[in-house]
Structure formats: structure tokens, C-alpha cells
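> let me see the structure of the following:
(2 chains)
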There are 2 protein chains.
Amino acid sequence: MIKAVLFDIDNVLYNSGHQVEMARRSAVEAMVNAGLGMSIEEGFEKLEEIVKRYGSNFNKHYDMLVGNRKDKNRIIAAGIVAYHNTKRVYLKPYEDTASTVMKLKMLGYRVGVITDGLSVKQWEKLIRLGLEDIFDCVVVSEDVGVEKPDLKIFLKACEELGVKPKECVYVGDRLDTDMTGSNGVGMVSVRLLRGRYKDERPKNPQEQPRFEISRLDDLLKIVKNV
Amino acid sequence: MIKAVLFDIDNVLYNSGHQVEMARRSAVEAMVNAGLGMSIEEGFEKLEEIVKRYGSNFNKHYDMLVGNRKDKNRIIAAGIVAYHNTKRVYLKPYEDTASTVMKLKMLGYRVGVITDGLSVKQWEKLIRLGLEDIFDCVVVSEDVGVEKPDLKIFLKACEELGVKPKECVYVGDRLDTDMTGSNGVGMVSVRLLRGRYKDERPKNPQEQPRFEISRLDDLLKIVKNV
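Got it, this is the predicted structure:
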């Protein structure tokens, strides 16, 4: 019998992929308007190339795009302001996130989060999503010292909730981390088919989700029937 | 004859001292609501002590305030979200900033900015203040390689505008940097009596402002009469 439902944050409670794409588009548009000297499409393509090449944590994307010119700092600043403004607007839950989590709670399930990242940053997301009070446990990789698919992080959530892994549903979007880890501890793995990983195929049995859903509220049927 | 009017940004185009104070108060309130376990007044006093002791650029103020406890990251995140939300709201020009700069321009004066800081950060402020298009020159210490009161940064603005120092008014709030530097190159120094430095007294003749004003629109009389 299922006693708890655990969620990833990024791309599961909200559309983080879309958020980042819209923020980057908005940044490019602002830089073009500030005099970047190329079309928005061209700018966006170049920025995507730079992000791909140097990784998303590199902090000089805009410097690379703008190049060395007299007014570069003004153009970069225009991009940064637009990026952050847009990122805030798109940091909102999916339309069925809050209602699904709330219904699960009212049906008596414990609910929680297992997520990779910096603890304060992940809490900031929950607060901005308006979801900081609803979860019975929030486990972040930084606090545990390991990332998904390491089994420790999944077991930590079970320990905090006082439940066994097989009594838990875990909802994630990635095969290599979310499905591998939750299957590894014996949780009921659920893959949410949203965002950039939705067309990937399992490369081994550990990546195979027990269920696939396209909306979070599909969870309500799954928890009843398992 | 005055040909140009140059401004500092922080505490001159907007009330940066008030902005930071309100943002810190809002952060403390959010942390208290998240379970910090002290009163808002007590929290604010402690935070001020920490800022005083470790400097405003130290990035662990909230960690020090919250201490080592299980839910510290959640409380810190609540503070950070509130801080940034409030900081944005208070990043707005004084009520007479835009109108004064605009009137000076329409009267035929060149207008500019001379400010200390990181170039992209100072441009971000001008953009968020809605003032990024109005100035004929923006000189930031990072780009020049020296900070106020170094005369070079004042001379750089004159060079960009093609005017002599004695044809410029410089408006700042600080005696040690703004008045010393603008007096040093022979600009007409104007001290805006707003913010945390407004009760300081000149310690030497170089710090003595040529004029003192309590509102930016008092500049309109000064430039006509010099």
C-alpha cells in the first residue's frame, strides 16, 4: 500500500526547461534592442551554442555573445535584467501541481520532495512556487552529500517520513537519475512525460519507469490502484 | 558657463540606503515568519550587527543570523526571496530624478553619470530605474580602473562629453569621494543632502561642497546662476 508520494522539483513541480528558454529569449531580445547588432533569432541561436559549448553554469555567456565593444556592459546588463524578470514570471507551478499535492495530502498520503541542487536555491524555488508549507519532507542533495541516482538520497526521505521505499511513489522526469534511483530502492517509479527528457528511451531495465503519466493529476489513479 | 551636469547613482538618483534597509527588514520578517525564533526587532538588530562586523559584501549574513539548525536552509531561503523582492520594489528613482534630468537636457545641458562599482551592476541599476537612455555618458570606476575621488574618473567624463571640468556640475552625496574628487578637478561640486551621509561635516577644504541641495530640482537654479 502506498503511504507517501515524493516529487522532484525541476520540470516536475514546474516547467523549468520552458522557464529557462523563455528567460534566454527575453534576454536576447533585450540585448538586440540595446544594440547587439543581430536579429533575435540569430542571437538566440548563438547563445544556445555558447551555452552548449561552455555549460549552463558558465557565467560569461552574455560576454561571449556580445564580444568586446565599448557599450558591452550596457548590453549585457539589459540581458541580465530581462533574464531575471522573465525567470521570475515563469517560476510558477504547473496548473495541476498544487491541486494534486493537496488532494494527495487530503487522501492521507505523506508528500515530499527529493531533489538535486543547492539546498537554499531549491528552497527558494519552493517558496517562489508557493509550495514551501505543503511538503512533509524536503530532501536536497547538498544536505545529504550525494545526488540522484545514489540510493542514499531516496532512503533519507523514507527515513524522514517513517515509511518503507516500497510504500513510496517517486515522480521524476529523468530516466538516468530519477527512475534509476527510485527503482534501485524499490519505490514505485513514475515518469512525468513533460519537458526536455520526455522523448528519451530507457537504456537499461533500471531506467524503466513503472508508470508513465503526462499530467500530475494522473497520480491520483496510480496511488489508489498500486 | 555650465555645459554639463554629472550625477552619482547610489543615494543620488535613487535612495539606495533606504532600499537596503527595507530589504533587510523584509528579509528578517520573512525569516521570523519561517520560524527563526526571535522577534523582528531583535532579528533586525542582530543582522545589523553582523553586517557591521563582517562588511556588507560578506555573503553569509543570514547563515550567521540563523545559526546551525535543521531547517536553516528553508529560513535562509525565505530571507533571500523577501530581500530580493523588496529590493526590486525600492529600486526606483526619487520623485524628482527623471523630471530634473529631463529638464536639464531640454535646457541644453549634457547629462552624465560618474559612479563607483561594477560596470554591469551599475548599468543594471540604470535600466531598472528606467534611466538608461537619458544620459550622454556613463562612467563607471571598473571601466576606468580607479574609483572616486581619483581625478581620472572625473576627467574621463569630461573627455567623453568634450567639456572642461569647470563647465561641469557634479552631484554627489559623499564628502570624501564625491566632493573631494569633483573639487579636485575644478568642477562645481554639489552635495545632495539625502541619505546616510547627510549629517557629515567636511574634514578639510577639499571636502567642502560649493553648493548644498536637499532636492534634485534645486539644481535647475544652480546651473542657471553659476
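
> report the buried residues of the lowest-mean-pLDDT helix or strand in chain A.
Lowest by mean pLDDT, DSSP states H and E among the helices and strands of chain A is helix A:219-225, with a mean of 94. Under the neighbour-count criterion of 16 or more other CB atoms under 10 Å in any protein chain shown, helix A:219-225 has A:Leu219, A:Leu220, A:Ile222, A:Val223 buried. C-beta: built from backbone N, CA, C; applies to glycine.

> closest to B:Gly145 among these?
Using CB to CB, A:Leu219 is the member of the buried residues of helix A:219-225 that lies nearest B:Gly145, at 58.1 Å.

> can you give me the distance of the closest one to A:Leu104?
7 Å (CB to CB, to the nearest Å).

> what touches both of those two?
Listed as contacting both A:Leu219 and A:Leu104 by CB atoms under 8 Å, 6 or more residues apart in numbering or on different chains are A:Val5.

> burial count for the nearest residue to A:Asp173 once chain neighbours are set aside?
Nearest residue to A:Asp173, sequence neighbours excluded (CB to CB, 6 or more residues apart in numbering or on different chains): A:Asn11, at 4.4 Å. The burial count assigned to A:Asn11 is 22, neighbours taken as other CB atoms under 10 Å in any protein chain shown.

> likewise for A:Pro205?
Neighbour count for A:Pro205, taken as other CB under 10 Å: 8.

> residues contacting it?
Here A:Pro205 is in contact with no residue (CB under 8 Å, 6+ apart).

> check contacts around the residue lying closest to A:Leu126 once chain neighbours are set aside.
Leaving out its chain neighbours, the residue that sits closest to A:Leu126 by CB to CB, 6+ apart is A:Glu132, at 4.5 Å. For A:Glu132, the contact set (CB under 8 Å, 6+ apart) comprises A:Trp123, A:Leu126, B:Arg74, B:Ala77, B:Ala78.

> from those residues, pick the one nearest B:Ala23.
B:Ala78 (13.5 Å).

> quick check, pLDDT for the closest one.
On pLDDT, B:Ala78 comes in at 98.

> can you report how many residues neighbour the nearest residue to it once chain neighbours are set aside?
Nearest non-adjacent residue to B:Ala78, counting by CB to CB, 6+ apart: B:Ala34, 3.9 Å away. Per other CB under 10 Å, the neighbour tally for B:Ala34 reads 22.

> my read: B:Ala34 touches B:Ile75, true?
Yes. Between B:Ala34 and B:Ile75 there is a contact at 4.6 Å, judged by CB atoms under 8 Å.

> how many neighbours does the closest residue to A:Pro149 other than its chain neighbours have?
Residue nearest to A:Pro149 in three dimensions, not counting chain neighbours: A:Gly181, with 3.3 Å by CB to CB, 6+ apart. For A:Gly181, the count of nearby residues is 26 (other CB under 10 Å).

> for A:Ser56, same thing?
By other CB under 10 Å, 8 other residues sit near A:Ser56.

> neighbours around the nearest residue to it once chain neighbours are set aside, how many?
Spatial nearest neighbour of A:Ser56, chain neighbours left out: A:Val20 (7.9 Å); criterion: CB to CB, 6+ apart. By the measure other CB under 10 Å, the count of residues near A:Val20 is 18.

> please, which helix or strand holds A:Val20?
Element membership for A:Val20 (DSSP states H and E) is helix A:16-33.

> do the same with A:Ile80
helix A:72-89.

> distance between that helix and the chain's centre?
Centre-to-centre, helix A:72-89 and its host chain are 22 Å apart (CA atoms, centre = their mean, to the nearest Å).

> mean confidence score for the following helix or strand past that helix?
Remark: after helix A:72-89, the chain's next helix or strand is helix A:97-106, criterion DSSP H and E. Taken as a whole, helix A:97-106 has an average pLDDT of 97.

> buried ones in helix A:97-106?
Neighbour-count burial for helix A:97-106 flags A:Thr97, A:Ala98, A:Thr100, A:Val101, A:Leu104 (criterion: 16+ other CB under 10 Å).

> same deal with stretch A:197-208?
Applying 16+ other CB under 10 Å to stretch A:197-208 flags A:Tyr197, A:Gln206, A:Glu207, A:Gln208 as buried.

> with only the CA atoms kept, save that stretch in CSV.
Extracted C-alpha coordinates of stretch A:197-208, given in CSV (Å, rounded to 0.1, in the frame of the first residue of the first chain):
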residue,chain,number,x,y,z
TYR,A,197,13.6,14.4,-21.4
LYS,A,198,10.2,13.3,-22.5
ASP,A,199,11.3,11.6,-25.7
GLU,A,200,14.2,9.6,-24.2
ARG,A,201,14.1,5.8,-24.1
PRO,A,202,15.3,3.6,-21.2
LYS,A,203,18.8,2.3,-21.9
ASN,A,204,18.5,-0.5,-19.3
PRO,A,205,15.9,-2.1,-17.0
GLN,A,206,16.8,0.1,-14.1
GLU,A,207,15.7,3.2,-16.1
GLN,A,208,12.3,1.6,-16.9
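
> any figure for the gap between the residue sitting furthest away from the middle of chain A and B:Cys137?
Going by CA atoms, centre = their mean, the residue of chain A most distant from its centre is A:Lys70, 37.5 Å out. Distance, A:Lys70 to B:Cys137, using CB to CB: 11 Å.

> repeat that for A:Arg191.
56 Å.

> can you check A:Ser189 too?
Counting by CB to CB, the gap from A:Ser189 to B:Cys137 is 60 Å.

> with distance to B:Arg174 as added columns, please give the buried residues of helix A:97-106 in CSV.
Listed next are those as CSV, based on distance: CB to CB, whole Å:
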residue, distance to B:Arg174
A:Thr97, 49
A:Ala98, 49
A:Thr100, 55
A:Val101, 51
A:Leu104, 57
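
> hmm, back to that, tell me the secondary structure for the residue nearest to A:Pro149?
helix (DSSP: H, G, I helix; E, B strand; the rest coil).

> that one reaches A:Leu151, doesn't it?
Yes. In this structure, A:Gly181 is within contact of A:Leu151 by CB under 8 Å, at 6.4 Å.

> which residues of chain A lie near chain B?
Chain A comes close to chain B at residues A:73-74, A:76-78, A:80-81, A:119-121, A:123-124, A:126-128, A:132, A:138, A:140, A:143, as judged by CB under 8 Å from any CB of the partner chain.

> buried ones among those residues?
In the residues of chain A next to chain B, burial by neighbour count holds for A:73-74, A:76-78, A:80-81, A:119-120, A:123-124, A:126-128, A:132, A:138, A:140, counting by 16+ other CB under 10 Å.

> hmm, A:Val5 and A:Val163 touching each other?
No. A:Val163 lies out of contact with A:Val5 (CB under 8 Å); the separation is 10.5 Å.

> the two: which is more packed in?
Using other CB under 10 Å as the criterion, A:Val163 and A:Val5 rank with A:Val5 on top: 25 against 20.

> what's around A:Tyr109, how many residues?
Other residues near A:Tyr109 number 22, with proximity taken as other CB under 10 Å.

> can you tell me the closest non-neighbouring residue to it?
A:Val5 (5.3 Å).

> ok so the one you found is a strand residue?
Yes. Counting by three-state DSSP, A:Val5 falls inside a strand.
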